[in-house]
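> Fold the following for me, if possible:
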Amino acid sequence: MTGFASLSREHELATVGVTVRSVNHRYLDVQVRVPSSLARLETSLRNLVQQGVGRGRVELAVTIRALQTPTVAVSLNEPLAEALTAAVEAAREKGLVEGRLTSGDLLRFPQAVIVQEQEATTAAREALETVVTETVCSALRELDTMRKREGEFLANDLASRCETLAHLVRQFETAAAEGAEDLRQRLHQRLKDLRLDTPGVDGETLSQELVKYAARSDVSEELTRLRGHLAHWSGLVNGDEPCGRKLDFLLQEMNREVNTLGAKSEGAGISELVVAAKAELEKLREQVQNVE
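Predicted structure coming up:
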C-alpha cells in the first residue's frame, strides 16, 4: 500500500527532517538513510518501521541541518613538525637551503596541523536522538493514516468483487445441478440402449460403472470449499492483522477450485461461468498485491 509523510522538528542543535514513503511490494523491504552522526540510531529506526508496517517497500530518510556553528579544535602534529624542522636544519647546514622552517611552510604540509570538529555533549546528542526518534514515530503515524484511507477504498472494491464471485458460485451450483440431472437422464437412456443392443452385457456391472461416472461429475465439494474460502476471506479482511499474503494464498486455492469445477461440471453455460469467475479472481489478485 502506498503512503507518504514528511515532518520537521526544531532542536537547539539542529532542524530534524523526516521523510517516509511506502509503495507496494510482495514482502517487507525497509530502506533507512540517516546522517553518519546518527548511525547508531539506524537499527532502532528500522525496528520502528517494522513494528508499524507489515508489507511493502518503505524508505525512511532523516536529515539534520545544524543551527549553530560547530566548535573546532586545532592542534599541532608535534612529531611531524619536529621531524620537518630537523630535516630543514640538516639541509641548511649542508648549504642546500637558506633560512628556517616558518609557520607558513608548516601549514603547507598535509596533517601537520589537525583541525577537528568538537562533538556535542552526551546530553545534547541524546536529546537530539530523542527528537529524531519522536519525529520518526509521528511520521509513521501519518503514513499509517494515509495507508488506512487507501485500505478503506481497497476493502470496498474487494468486497464488491467477492460479492460478484459469490453470485457466480450460486450460478455454478444451479448450472451444475441442472447439468447433473441432464447427465443422469442421458446415462439412463444410454443404459437402456446398451441393454437392448447387447443382451449379453451384465446390467448390474454396467449400472455401477455409470454411477461411478456420474459421481465423478459431482462438484458439491468444490462448491462447499469455495464458499468456505469466501467466508475465510471476509474474516481476514475484517480482522486487525495484516492479511495481504493470506488473501493471496486464498486466491490460489479459489482459482484451483474454479478450474476443477470447469473440468467436472456438466451443463450449458459452465464455460462462461468459469471464464467470468477466473476474470474476477485475476482482478482480486491484482488488488491484493496492494494489501498489507
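> Please enumerate the helices of the stretch 51-200 of the chain.
Ranges of helices within the stretch 51-200 of the chain are 78-93, 103-107, 122-197, based on DSSP state H, counting those that start in this stretch.
> Can you say which of those is packed in most?
helix 122-197 (a mean of 15; mean count of other CB atoms under 10 Å). For every residue, glycine as well, the C-beta is placed using N, CA and C.
> same for that one, what does it pack against?
strand 3-10, strand 14-23, helix 42-52, strand 56-66, helix 203-216, helix 220-237, helix 244-264, helix 270-288 (3 or more CB pairs under 8 Å, 6 or more residues apart in numbering; DSSP states H and E).
> if you set the cut-off to 6 Å instead, what comes out?
strand 3-10, strand 14-23, helix 42-52, helix 203-216, helix 220-237, helix 270-288 (3 or more CB pairs under 6 Å, 6 or more residues apart in numbering; DSSP states H and E).
> what angle do it and helix 220-237 make?
Relative orientation of helix 122-197 and helix 220-237, computed by axes from the mean of the first three to the mean of the last three CA atoms, to 10 degrees: 170 degrees.
> Report the rounded mean pLDDT for helix 122-197.
The average pLDDT for helix 122-197 rounds to 81.
> hang on, the earlier thing: could you identify which of the helices and strands packed on helix 122-197 has the lowest mean pLDDT?
helix 203-216 has the lowest average pLDDT among the helices and strands packed on helix 122-197, namely a mean of 58.
> before we move on, back to that, tell me which of the helices of the stretch 51-200 of the chain lies nearest to residue 59.
helix 122-197 (10.8 Å; CB to CB).
> follow-up on the earlier one: can I get the helices of the stretch 51-200 of the chain in a markdown table with distance to residue 4?
Listed next are the helices of the stretch 51-200 of the chain as a markdown table, based on distance: least, CB to CB, whole Å:
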| stretch | distance to residue 4 |
| --- | --- |
| helix 78-93 | 52 |
| helix 103-107 | 49 |
| helix 122-197 | 7 |
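> Residue 36: which of these is closest?
Nearest to residue 36, of those and by CB to CB, is helix 122-197 at 13.1 Å.
> quick check: angle from the closest one to helix 42-52?
Using the same axes, to 10 degrees: helix 122-197 against helix 42-52 is 40 degrees.
> how about residue 243, what does it touch?
residue 236 (CB atoms under 6 Å, 6 or more residues apart in numbering).
> same thing but 10 Å
Listed by CB atoms under 10 Å, 6 or more residues apart in numbering, the contact partners of residue 243 are 54-55, 233, 235-237, 250, 288, 291-292.
> Repeat that for residue 23.
1-4, 29, 56-59, 290.
> try it again with 8 Å
Applying CB atoms under 8 Å, 6 or more residues apart in numbering to residue 23 gives the contacts 2, 56-57.
> Selecting buried members of those residues in PyMOL, what would you type?
Buried subset of those, written as a PyMOL selection, criterion 16 or more other CB atoms under 10 Å:
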select buried, resi 56+57
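> All set, thanks.
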